[in-house]
Structure formats: C-alpha cells, structure tokens
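1. take a look and give me a structure for this.
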Amino acid sequence: MSLFSDPRWSEALAHLPDYLGNHVRVSVTALALGLLVSLPLAIAARNRPLMRGVLLGLASIVQTVPGLALLALFYPLLLALASVSLAWFGFGFSAFGFLPAVLALALYSMLPVLRNTITGLRGVEPSILEAAQGVGMTELQSLVSVELPLALPVMMAGIRTAAVWVIGTATLSTPIGQTSLGNYIFAGLQTQNWVFVLFGCVAAAVLALAVDQLLALIETGIRARSRVRATLGGLGIAALVAATLAPSMARAPSAYVVGAKTFAEQYVLSALIAQRLQAAGLAATTREGLGSNVIYQALASGDIDVYVDYSGTLWANQFHHSDIRPRRELLTELKTTLARQKITLSGELGFENAYALVMPRKRAEALGIRTIADLAPHAPTMSMAADYEFFSRPEWMGLQKAYGLKFRAQRQMQPDFMYAAAASGEVDVIAGYTSDGLIAKYDLVVLEDVRHAIPPYDAIVLIAPKRAGDQALQAALRPLLDRIDIADMREANLRAAGGGGASSPDAVARWLWEKIGKR
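-> Numbers count the residues shown, from 1 in each chain. Sure thing, here's the model as predicted:
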C-alpha cells in the first residue's frame, strides 16, 4: 500500500473544510483586532518616547510567554469575567474556544505591528515633514497624506510578520476548545496518527505562506506605487478568506457537542458517543484535546453537552477530596455533588481507567517488585515519567504520602511515548493508565496499590445542565452504559494507538460498537 492510499489521508481531507475554516476565522479576527488596537497606539506613541518604551516593552513581554500558556491563561480569566457579568448585569458570554483564542492571538500580533509602525513613521525624513508644515498642512493632514503613505511599506512588513505568527500560533488553540488545524496535530500525537500530524503541519504552513505572499504582493505594490499589484494582493486575501470560510459557515451548527480530553481513549469514546447520537437522528460534533479543568467548566457552562470523565479525577482534582472512599460510596457522593451543580451523571460505561505505576515486566521480576510498596526502596535509584499534569495532581501527593516515594529523576512526556520509554529503558517507571492497551503491547506490569492511595476511576458519562431533561440524549446514551469492559477498552485503545494497523478514533469507535452492540 502506497503512502497516499492510506485511508487516513481521506479522513484528514474530510476534516479540512471544518478545521481550515475555523482556523482562518479565528486568525483573521485576531489579526484584525490586533491591528485595530496596535495601529492607533503606534501612531499616538510615535513622538512620545515614554509611551513608545512602555508599549514596546509590554508587547515584548507578551512574546516571552509561550503561546499555549497565553491561550490557556485567557480561559479562566474570561470565565471569571463571565460569572461577574452574569451576576451584575444579568447576561454572560462563552469563555470557551473562540473568544480566549482571539484575545490571546491578538496580543501575540501586536509587537511586530507596533514596532514596524513606529519605525516607519519615525523614519520619515524631517525635511519632508517641514515641507508639509510649510504648505499649511495640519498635523492630521500631514499624518494621513504624508507620513502614513511613506511608512506604509515598513508597516506592511510588520503586518506580514504578525499574520504568520497568528496563523502558526492558532494551531495551539485546540486545548481551549477552538477548532483549528491544530486539531490534526493534537489528535495525531495522541493516537500516533502521523498522517494527521503531517497534514496539520503542512496545511498550517501552506496557509501561512499563502497569506504572507499575498501580503507581500500588497507591500511591493505599495513600494512600487502599483495599484494593480496592491489590488491583486487584496483580492487574493479576500478570495482566500471567503473560500475557507464558506464551507464552515454554510454548514448548519450541530445540535450536540461531545467533548474529549487529551488522550486516545477520550478520542475513541467521544467518537463513539457522537456516532450513537447520529444513529439516533441527533446531529453531533466533537470538541477534542481539552484539559481536565477546561472540559469540566465547558460542560458546566453549556459550551459542550456531554463527555466522559473519571470518578477519581472529579473526586480528587475537581472537588479536592483527599480521602479515598469505596467505589460505590464514592460514586453516590459524586452524583450528589454533581447534582448540586445541575450536572447529570448519566451512568458508568463499565470499566475503570485508573492511574497506576507501571514498569517493564522483566525488570520488575528481576527486582522482586510486585507492588508499589516493593518499589519504594528502589525508587531513589530510578527515574520516573508521567503525563504533563500527573506530578501536580493529588494522586501523586497521595502516593508519596502513602509509600514515601522519592525518585532520582522525574520527567514529563506525551502519554503514548511513556510506554515506549519504559520498554526501552529510557525511564524505569511510568504513571500509566490501567485501560491502556500499550501495557500489554510493551510487556509492562501494573504494580499493585496495596495501600489504596489512588481512588477508583470509573468511566462515567456527564451531561450538561442545559441537557438535564433531554430524554432523546439520555436514550441515545443508554445502550453504552455498563456495556464496555476493560478488555474491550484496552483493545480499542491499542487500535487507536496504531497497534495492529492504522485505525482512526472513528474507525475504532465503530469496531467497539460492534463488540458491545452484540451484548
């Protein structure tokens, strides 16, 4: 089979109108907002040294903040503002997806626009300005008729840089709920679908290059005083925006939004739920790659309608309980707590996906390690790897307290890469997931938590407050409840991670339904 006959290419193409249209929408809006703010500020600061220094300094500081962090920081800020707005003025707004992405990207666009606009205006020859004053021009007339036209080529260079930065950074907006070309990259990394990763990177690069070249045509037209070139560049930009936005704007919005976190199992389960909703005649789409806190808040505020969470995650992280309850007792208490927030715990899927300490089977047998208690004396000579959030989670604190664990080194990495790192000896122990099929693939062993430091992690379906009485949604979800066992979920996760051949989350979800639909 040739590379381009891989079915994942056709699947990637099928997503392109949605991902590209949303990517262009958020990029264009952010760039327009950035220009709207930056250009007047730059003009006002051109002859004010203190104001110039403050503006450029602040814009430079923004550039030092990693793009993903800047995007993530806007979500809780807007969430708090939305709550205040609702309490004080009686209306709120969505802090999910589009708005935080636009605001963060607009900030990112400001430095090159400010710097180049100020440089261009400051670079106008004093003699030309004196001549303008000599013929009786006011300061405003001189700015509009002399300074801006002469500075425009330099300003356009800054706008080109800002446009490329915004388009590239927009791929990082997926974790806060904004659909973009980054959906390819995040989904591809989590499911080891390198076709998606490559497709997303190439699509974003082509879009950035196309916009840059069209802006370059406008810039050269201005420099050469060629209205034809400048007009062609402008028309090209307008045509590109229209062509990418038309398909997504023409499509009717989905009635239900299914959320997913940032790992393969969640991609499979969100696809499965969406497919079941569609089979029941309900329009549905997925919003993937969301962090644990972001996805819960998105559900609570109605930005997504349904998603799968885990009882232990909610118990320890969302509601900050430090005690470990028996499974049934924990689920009962959790259901009551969620009901107070008008969130419906629809039911359990039938399997548990708990955090667990995992190591290569041969190494564990050689050292006589079967439990975490057995591991503790060896830990100071070992290295450990975990996902990006584990070492800041209560579960890790609980393990340290219960077993006195202290490792020689702690590393964070992409979840799927951890298993290969453990199998190859790059790390000695990892914080894995009990439903992950990669444990069997790499011949790893789960160490028993004999002191019960980690809470139960039953997979549960949560429904947003606005859908609490939605009987059609409940009926579509009911065939999934208590039907997925751990063996089937491990096999599904292995398939989604590329085990036994390339399978997309959609394809794995169909396979999983065939398995559980027969029961």
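
2. could you give the mean pLDDT of stretch 382-397?
-> Mean pLDDT, computed over stretch 382-397, is 89.

3. list the buried residues in it.
-> Across stretch 382-397, burial judged by 16 or more other C-beta atoms under 10 Å covers 382-387, 390-391, 393-396. To be clear about C-beta, it is placed using only N, CA and C from the backbone, and glycine gets the same treatment.

4. neighbouring contacts of it?
-> Under the contact criterion C-beta atoms under 8 Å, 6 or more residues apart in numbering, stretch 382-397 has outside partners 263, 291-292, 312, 316-317, 320, 322, 355, 407-415, 418, 421-422, 426-431, 453-455.

5. okay, and which of the residues you listed map to helices?
-> In this view, the contacts of stretch 382-397 that belong to helices under DSSP state H are 292, 312, 415, 418, 421-422.

6. contact partners for the residue nearest in space to the middle of the chain?
-> The geometric centre of the chain, computed from its C-alpha atoms, lies nearest to residue 175 (C-alpha atoms, centre = their mean), at 1.6 Å. The contact partners of residue 175, taken as C-beta under 8 Å, 6+ apart, are 68, 71-72, 186, 262, 289-291, 294.

7. just say helix, strand or coil for it.
-> Of the three states, residue 175 takes helix under DSSP: H, G, I helix; E, B strand; the rest coil.

8. state the mean pLDDT of stretch 347-356.
-> Taken as a whole, stretch 347-356 has a mean pLDDT of 92.

9. same question for stretch 50-70.
-> The model assigns stretch 50-70 a mean pLDDT of 85.

10. any chance you could list what contacts it?
-> 41-42, 44-46, 73, 104, 107-108, 110-111, 114-115, 118, 169, 172, 175.

11. equivalent analysis for stretch 142-149, please.
-> Stretch 142-149 is contacted from outside by 43, 121, 124, 128-129, 132-133, 137, 155, using C-beta under 8 Å, 6+ apart.

12. also stretch 21-38?
-> Stretch 21-38 is contacted from outside by 98, 101-110, 113-114, 117, 159, 162-163, 166-167, 170-171, 173, 178-182, 204, 207, 240-241, 244-249, using C-beta under 8 Å, 6+ apart.

13. buried subset of these?
-> Buried by 16+ other C-beta under 10 Å: 98, 101-110, 113-114, 117, 159, 162-163, 166-167, 170-171, 173, 178-182, 204, 207, 240-241, 244-245, 248, out of these.

14. list the contacts of the nearest residue to residue 313 once chain neighbours are set aside.
-> Take residue 313 and drop its neighbours on the chain: the residue closest to it by C-beta to C-beta, 6 or more residues apart in numbering is residue 292, 6.0 Å away. Taking C-beta under 8 Å, 6+ apart, we find residue 292 in contact with 261, 309, 313, 317-318, 389.

15. how far away is residue 292 from residue 344?
-> Distance of residue 292 to residue 344, computed by C-beta to C-beta, to the nearest Å: 19 Å.

16. same check, this time on residue 151
-> To residue 344, residue 151 is 58 Å away according to C-beta to C-beta.

17. more neighbours, the two?
-> Neighbour comparison, residue 151 and residue 344: the larger count goes to residue 151, with 23 against 20 (by other C-beta atoms under 10 Å).

18. next up, phi/psi of that one, please.
-> Residue 151 adopts backbone torsions of phi -90, psi -10, taken as degrees, to the nearest 10.

19. now do the SS call for residue 92.
-> Assignment for residue 92 (three-state DSSP): coil.

20. how about the strands of this structure, start to end?
-> Along the chain, the stretches classed as strands by DSSP state E are 256-259, 284-287, 306-310, 344-352, 355-360, 383-386, 409-412, 429-433, 444-446, 458-463.

21. can you add distance to residue 223 and give those strands back as JSON lines?
-> Output for those, formatted as JSON lines (distance: least, C-beta to C-beta, whole Å):
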{"stretch": "strand 256-259", "distance to residue 223": "47"}
{"stretch": "strand 284-287", "distance to residue 223": "44"}
{"stretch": "strand 306-310", "distance to residue 223": "52"}
{"stretch": "strand 344-352", "distance to residue 223": "61"}
{"stretch": "strand 355-360", "distance to residue 223": "59"}
{"stretch": "strand 383-386", "distance to residue 223": "53"}
{"stretch": "strand 409-412", "distance to residue 223": "48"}
{"stretch": "strand 429-433", "distance to residue 223": "56"}
{"stretch": "strand 444-446", "distance to residue 223": "62"}
{"stretch": "strand 458-463", "distance to residue 223": "57"}
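
22. re the thing from before, pull out the buried members of the contacts of stretch 142-149.
-> 43, 121, 124, 129, 132, 137, 155.

23. report the longest helix in the protein, please.
-> Using DSSP H to define each element, the chain has its longest helix at helix 7-45.

24. buried ones in it, by neighbour count?
-> Going by 16+ other C-beta under 10 Å, helix 7-45 has these buried residues: 8, 11-12, 15-31, 33-35, 37-39, 41-43, 45.

25. that one - what's its average pLDDT?
-> Helix 7-45 comes out at a mean pLDDT of 88.

26. before we move on, the earlier item: could you measure from the residue nearest to the centre of the chain over to residue 111?
-> Applying C-beta to C-beta, the value for residue 175 to residue 111 is 23 Å.

27. next: residue 40.
-> Taking C-beta to C-beta, one finds residue 40 at 16 Å from residue 111.

28. low-confidence stretches in the stretch 151-300 of the chain?
-> 247-254 (pLDDT under 70).

29. the same query, at a cut-off of 80, please.
-> Residues of the stretch 151-300 of the chain that meet the criterion pLDDT under 80 lie in 189-193, 223-225, 244-254, 291-293.

30. in it, which spans are helices?
-> Ranges of helices in the stretch 151-300 of the chain, per DSSP state H, counting those that start in this stretch, are 182-191, 194-223, 227-250, 264-279, 292-300.

31. which one of those lies closest to residue 285?
-> With C-beta to C-beta as the criterion, residue 285 lies closest to helix 264-279 of those, at 6.8 Å.

32. and the closest one with strand 344-352, angle?
-> Note on geometry: by axes from the mean of the first three to the mean of the last three C-alpha atoms, to 10 degrees, helix 264-279 and strand 344-352 are set 130 degrees apart in direction.

33. name the residues of helix 264-279 that are buried.
-> 264-277.

34. now render those as TSV, adding distance to residue 52.
-> Shown next, in TSV, are the buried residues of helix 264-279 (distance: C-beta to C-beta, whole Å):
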residue	distance to residue 52
264	49
265	52
266	47
267	48
268	53
269	52
270	48
271	52
272	56
273	53
274	51
275	56
276	58
277	55
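
35. now, the most widely separated pair of these?
-> Greatest spacing in those, by C-beta to C-beta: 264 and 277 (20.7 Å).

36. what number of residues are in the vicinity of residue 293?
-> Residue 293 sits with 15 neighbouring residues when counted by other C-beta under 10 Å.

37. oh sorry, the question was meant for residue 127
-> For residue 127, the number of neighbouring residues by other C-beta under 10 Å comes to 8.

38. any idea how far residue 119 is from it?
-> Separation of residue 127 from residue 119 (C-beta to C-beta) stands at 19 Å.

39. now residue 504. Nearest residue, chain neighbours left out?
-> residue 11 (5.4 Å).

40. repeat that for residue 451.
-> Residue 451's closest residue in space is residue 402 (C-beta to C-beta, 6+ apart), at 4.5 Å.

41. for that neighbour, list the residues it contacts.
-> With contacts defined as C-beta under 8 Å, 6+ apart, residue 402 is in contact with 372, 451, 453.

42. kindly report the same for residue 170.
-> 23, 26-27, 30, 101, 105, 178, 180-182, 204.

43. any idea how far it lies from residue 158?
-> Note on residue 170: its distance to residue 158, by C-beta to C-beta, is 18 Å.

44. just residue 409 next, same as before
-> Separation of residue 409 from residue 158 (C-beta to C-beta): 44 Å.

45. the two: who's more crowded?
-> residue 158 (25 against 10).

46. show me what contacts the more buried one?
-> Applying C-beta under 8 Å, 6+ apart, the residues near residue 158 are 112-117.
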